[in-house]
Every structure is written in C-alpha cells, then in structure tokens.
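**Q** test case, fold it:
(chains A and B)
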Amino acid sequence: MYFQPEIETMPHDQLEALQLERVRETARNCYENVEFYRNSFDAAGVTPDDIKSLDDIAKFPFVVKQNMRDAYPYGLFARPVKDVARIHASSGTTGQATVVGHSANDLKNWGDCFARGIAMVGGSAESTIQVSYGYGLFTGGLGAHAGGEAIGANVIPTSSGNTKRQIQMMKDLETDILCCTPSYALLIADTAIEMGYDPAKDFKISAGIFGAEPCSDSMREDIATKLGIQYCDVYGLSEIMGPGVAMECAERKGLHIAEDHFYCEIIDPATLEPVPVGEWGELVITTLTREVSPMFRYRTRDITRIIAEPCACGRTHYKIDQLRGRTDDMLIIRGVNVFPSQIEQVCVSFPEITAHYQLHLTTVNGMDQIELRVETVPEFPIDEVRKLEDLKNRLAAELKSNLQVQVKITFCEPHSIERSEGKAKRVFDKREGKN
Amino acid sequence: MIMQLTVFLQNEKGRLASATRTLAEAGINMHALFIADTQDFGIVRIFCDTPDEAAKALAEAGFRASLTPVVAVRVANEAGGLSKLLEFCDTQDMNIEYAYCFCVNNEAAVNVLKIEGEGVEAKLIEGGFATVSPEEIYAA
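**A** Just a heads-up that it's a prediction; the model follows:
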C-alpha cells in the first residue's frame, strides 16, 4: 500500500530528471535569496547554471551546522518571516541553537513524507495513530502528527511522558500505530507488561514508527516482540526537515529516501569526495522543495550508505542503510576509516562477551595500534585458558575481516570498564599527535 | 568432586594482592594457590575449604570468580605418589587439562586434577585411589 503511488513507484530515471530540475530550483533559491550561499557559491566559482547533471552538485560547497549557528536566527532563510508558517529549533546542547523555518508548503510536504511511512506499516485513513514524541520545538511530535493528518488518520497527540496514561489510552482508544523514540517505546512496552498486560496480545497496536535516536538491532527486536508490531525506522533531522526524510518499509532492508524532496550523496568524510554507490560514508543532503530553509549539500555527519538495488515493496526510491554512527566518532587507523559502531556490531555478535567495551589507540614504533578491551560474560568458563584463547582468536579474526585492521584483544576484569549507560566513554585515543 | 575457586585477573601490578586482600577480609583461609599466566591475563586457581563463600566475596568486590569441579586425590607423601596416579589415568584414557599438588603433612599429599569428561571420580575410586573432600583434608 502506497500513500503517493505515482511518486513512490516512479521509474528512477524519471525521478532523477525531477531531482535535477528541483536541484536547480533549490540552487537558485539559495543563490538569489540567501547571502551565505551567494558568498559560498561565488567563493567556489559556481553558479546555479553550472548544474547540467546531478553529478555537477559535487562541485558545490557544503553547508554545515556551524554555518547555521553563525546565521542565527534568520540568516539562512530564503523567505521573509511573514511567509514563515512555523519555526523549529534544535536543542542547542552543543552550542548556539539552530533555527529552521517552514512555509505552509514545506509543512505540507513534510506531512506527505511522513505519511508514506505510515502507509509502509499498513496505516491508512482508518488508522488510529498515537504520537508519543515530544511536541514543541523538537520536530518529532509535530512531524509525526502532520503525517497522521496527511493520511487522514485519527491522531492522538499524547506527546511524551505520563507513561501509564499513554498505555491506558493505547488500550482504550485501540491505537494501531505508535510514533515515538525507540527508548520510549521500550519503556511503554515494559511498563505495560509491569501493569499486567501482554501488549502483543491484549492491544490492537500493529506497528510502530521510531526514530530520533540510535537503536541497536537487539533493542529493535525487543520492542517489536514485546509490542507485537512491525518496526519502522524513521530518519530525519531538524536542519533538513524532521522525521520523514527516509522511512523503512516492510522489507526492513533500509529506509526509502523521499527522493522527490531530498537529494542524497555519500562522501568520504576524510577526503570530502563522493564515494561509489553502495559504499559507506557521510550522508550529505540537498533539499529539493524546501522554500524557507533550503539546504544545499548539508553535511549530516551521519554514517550510512545508499542502497540502489530494487526493493521488493515496489518503491523505486533508493534507500539508506541503518546509520552506523557519526563522523565525529570516526577513527582513521593506519589510513583506514573505522567507526566504533562497526566494532560494537562485532561485539554484540559474540554472546561470550558483554556489551561493555573500550578502544585504546596508541602509537607503537610509529604505527597505530588498536586494542579492544572486553569482558567475558559471567557464565563464561574462565577456568579454561584454551577457551579464552580460542574466543580471543575468533574475535580478532572477525574484527580483521570487518575492519581490515588488526585489533589486539584484551580480556578485562568486570570492574575495569565503565558501566554508565549511553554516554560512556568508549574510545581512548592516546596516539602521538592526538590530544 | 570438589569445588575449586577460579579467579580471572588482568596481568596488572597489584591485582593478585587485591584478590587475596579481599579473601583475607572475608576471613577465608587458602590452602593452595596456583596461577596459569598468559601475556595479558592470569587464571588463579585456589583451594580453600569454603569456596562458595570465597567466590561470593570476590564477585561482590567486582572480580570475575567462579567455581570449577575438580578431583582431589590423597596419595602418600613419598617418591612415586603422583606418578602412580597419572599412570592409572593414562591407562583409563583420561585427558588431564591441568593438575597441581601440595603436601598436607609429612604423611600425605593431595593431587588436584582437572580431567575432561564424566565419571572420572568413580573410576579413580574403583582403581583404589582415595578421593577426598576439602573438609576431610583440613579437618585434622
């Protein structure tokens, strides 16, 4: 079931023609209406007329988060404030807040993008959608809300918090689709179970659209099983729009980009050059229809890859893979780009070790040395040195094949690796010339 | 079978002292201690008469400690005591993963064996060997 079948299943060459036309419009909107872009295009010696094919976009300069901070509040707006229908802003926890404006058309397009995801999980005008994202400057709540309205569903704007009441409403109002952050979805599921319900059986809910924070595969599985639902991963960022930039269909092999609204590139964060389709790198987005806050080659710092293979769901729009982390986390080890999330993936595939780990980087004889410190699970037979050595060898071989870098494994005692959840420091870069 | 205490230690200065201090504070008296060491870590095997309590005290202090079933055999404290036992094990096709020995007094010694497989103790008893419990050894 599609929300906008004519667009969502458009042959990709037609879609590319549409993208080219819209990229030119966006470049013009940027160049003519935003001083920042005029200066940056001029400095790079390019004008909107230089875009003859989509590949020409790579000649244009990037825009980054700091440019948005510097332009606070309205410096990057391509429309006067009287044409702005709504403002959203990032939290600004890491510096000056960034402000993004939306025109009435921008908001309509946003609702359409999110509504496509609702259709991906089987939703329709018949559905009841509970939005448990926070409402406000944060784009989650109002973005999901707009999606629900666009598809004509019954929308319950519970916002986040007051979990027991959420669950009561979910049950009494027979919610079909829940939209919130994955961690909140898990809290809702666990609280419902504590209250004596089996949400998978007792509740009507059949799908969830979750995003706005990282989530491991095992946590996704946990949420899907406990609630008895189809899990849909949603990607978005307030700088570009909000949730709905890309959404995961029932095939669950990547998130379909709304390619009629966004042009996505993957670049090597070290060289800033585009990488071949399918390779991992930093996602760079150019908005194609945004009127108030157009973004031309915005560096998201998110690590993913483009999946161009046809999707069994019938949608022709290319997909992005599940995010692998942020470029800020990227390590260059002996010239190879390594993301801590890759190491984490290998770690969780070994049930013999715990999820806690640390990476220690040092310089030995002028060479980068990478050491992974892990703990065995309490059940591991520590009495058997052979089994420990065997585990170490298997882990090292798996890391070598995944990262193309030799990693030294050290087994640690339980107390020696920091336990704090979420923001635990995992990487210790003690190489010469670092810090 | 009797329970041996096994502790995983990082190869770092002071770790063994820290483990033994924890046991001392818990009032546990060790009778034998052996270390198998590798480049990065050591496996400490401890023979004491209250292994459960010892494992609990270590786990609470944040150590990775577990109990491992082993066979303890009392032999005469004289030349050939261990040799006789190991020859018997060999004839029975027993694969010994590791072993250590200590003297209890002038008359007796204890050989502790970690042997692969099941039914090992019964075979040893059948073969005329005196397997023992920790209480038995240290009661005197």
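
**Q** helices and strands around the helix or strand hosting residue A:13, which ones?
**A** Using DSSP states H and E, residue A:13 sits in helix A:12-33. Of the remaining helices and strands, those touching helix A:12-33 by 3 or more CB pairs under 8 Å, 6 or more residues apart in numbering or on different chains; DSSP states H and E are helix A:35-44, strand A:262-267, strand A:281-287. (Each C-beta comes from the backbone N, C-alpha and C, glycine too.)

**Q** ok, then the element right after the first one?
**A** Using DSSP H and E, the helix or strand that follows helix A:35-44 towards the C-terminus is helix A:65-70.

**Q** returning to what we had before: looking at the helices and strands packed on helix A:12-33, which is closest to residue B:102?
**A** Across the helices and strands packed on helix A:12-33, residue B:102 has its closest neighbour in strand A:281-287 (61.0 Å, CB to CB).

**Q** what's next to that closest one, contact-wise?
**A** A:23, A:26, A:57, A:62, A:240-241, A:245, A:261-269, A:275, A:293-305, A:320, A:327 (CB atoms under 8 Å, 6 or more residues apart in numbering or on different chains).

**Q** and the angle for the next helix or strand after it with strand A:281-287?
**A** Where DSSP H and E defines the elements, the next helix or strand beyond strand A:281-287 is strand A:298-304. Angle of strand A:298-304 versus strand A:281-287, following axes from the mean of the first three to the mean of the last three CA atoms, to 10 degrees, is 140 degrees.

**Q** please enumerate the helices of chain A.
**A** A:5-8, A:12-33, A:35-44, A:65-70, A:104-120, A:139-151, A:163-172, A:182-194, A:199-202, A:217-227, A:340-348, A:385-403 (DSSP state H).

**Q** and the second one, average pLDDT?
**A** Regarding helix A:12-33, the rounded mean pLDDT is 98.

**Q** Provide the contact partners of that helix at residue level.
**A** A:10, A:37-38, A:41, A:47-48, A:51, A:53-54, A:57, A:60, A:78-79, A:259-260, A:263, A:286-291, A:294, A:296, A:316-318.

**Q** in ChimeraX, how would I select just the buried ones from those residues?
**A** Selecting only the buried entries of those in ChimeraX, with 16 or more other CB atoms under 10 Å in any protein chain shown as the criterion:
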select /A:10,37,41,48,51,57,60,78,79,259,260,263,286,287,288,289,290,291,294,296,316,317,318
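
**Q** skipping adjacent residues, who's closest to residue A:354 in space?
**A** Spatially, and ignoring its direct neighbours in sequence, residue A:354 is nearest to residue A:375 (4.8 Å; CB to CB, 6 or more residues apart in numbering or on different chains).

**Q** show me the contacts for that neighbour.
**A** Neighbour list for residue A:375: A:353-354, A:356, A:411-414, A:416-417, B:64 [criterion: CB under 8 Å, 6+ apart].

**Q** which of those are buried?
**A** Buried members of the contacts of residue A:375, counted by 16+ other CB under 10 Å: A:353-354, A:356, A:411-414, A:417, B:64.

**Q** list phi and psi for the residue of chain B found nearest chain A.
**A** When CB to the nearest CB is the measure, chain B has its nearest residue to chain A at residue B:62, with 3.6 Å between them. According to degrees, to the nearest 10, the main-chain angles of residue B:62 amount to phi 90, psi 10.

**Q** does it really touch residue A:413, like I thought?
**A** Yes - counting by CB atoms under 8 Å, residue B:62 does reach residue A:413; the two are 7.1 Å apart.

**Q** tally of neighbours for residue 34?
**A** Just going to use chain A. 22 (other CB atoms under 10 Å in any protein chain shown).

**Q** wrong one, chain B
**A** 16.

**Q** which of the helices of chain A has the lowest mean pLDDT?
**A** Of all those, mean pLDDT reaches its minimum on helix A:340-348 (a mean of 84).

**Q** buried sites along that helix?
**A** Buried residues in helix A:340-348, counted by 16+ other CB under 10 Å: A:340-344, A:346-347.

**Q** chain B: which of these is nearest?
**A** Nearest to chain B among the buried residues of helix A:340-348 is residue A:347, at 17.3 Å by CB to the nearest CB.

**Q** find the nearest non-adjacent residue to that closest one, please.
**A** Using CB to CB, 6+ apart, the nearest residue to residue A:347 is residue A:357, at 5.4 Å.

**Q** what does chain B have sitting close to chain A?
**A** B:4, B:6, B:8-10, B:15, B:36, B:38, B:40-41, B:43, B:45, B:62-64, B:66, B:68, B:97, B:114 (CB under 8 Å from any CB of the partner chain).

**Q** in strands only, show me those.
**A** B:4, B:6, B:8-10, B:36, B:41, B:43, B:45, B:64, B:66, B:68, B:97, B:114 (DSSP state E).

**Q** how about TSV for those residues, with pLDDT added?
**A** Listed next are these as TSV, based on pLDDT from 0 to 100:
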residue	pLDDT
B:4	92
B:6	95
B:8	95
B:9	93
B:10	89
B:36	90
B:41	90
B:43	94
B:45	95
B:64	91
B:66	92
B:68	91
B:97	90
B:114	92
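
**Q** show me the domain layout of chain A.
**A** Domain segmentation of chain A under automatic domain parsing yields A:99-327, A:331-429.

**Q** hmm, I was thinking of chain B
**A** Per automatic domain parsing, the structural domains of chain B span B:2-69, B:70-139.

**Q** between those domains, which gets the lowest average pLDDT?
**A** domain B:70-139 (a mean of 87).

**Q** and residue B:35, what does it touch?
**A** For residue B:35, the contact set (CB under 8 Å, 6+ apart) comprises B:16, B:42-45.

**Q** sorry, that was for residue A:97
**A** With contact taken as CB under 8 Å, 6+ apart, residue A:97 is in contact with A:69, A:72, A:89-91.

**Q** so where do the helices sit in chain B?
**A** According to DSSP H, the helices that chain B contains are B:15-25, B:51-60, B:81-91, B:120-126, B:134-139.

**Q** just those: most buried one?
**A** helix B:51-60 (a mean of 18; mean count of other CB atoms under 10 Å in any protein chain shown).

**Q** elements contacting it?
**A** strand B:2-10, helix B:15-25, strand B:64-76.

**Q** tell me the helices and strands packed up against the first one.
**A** What it means is strand B:2-10. Counting contacts by 3+ CB pairs under 8 Å, 6+ apart, strand B:2-10 is packed against strand A:408-411, helix B:15-25, strand B:41-48, helix B:51-60, strand B:64-76.
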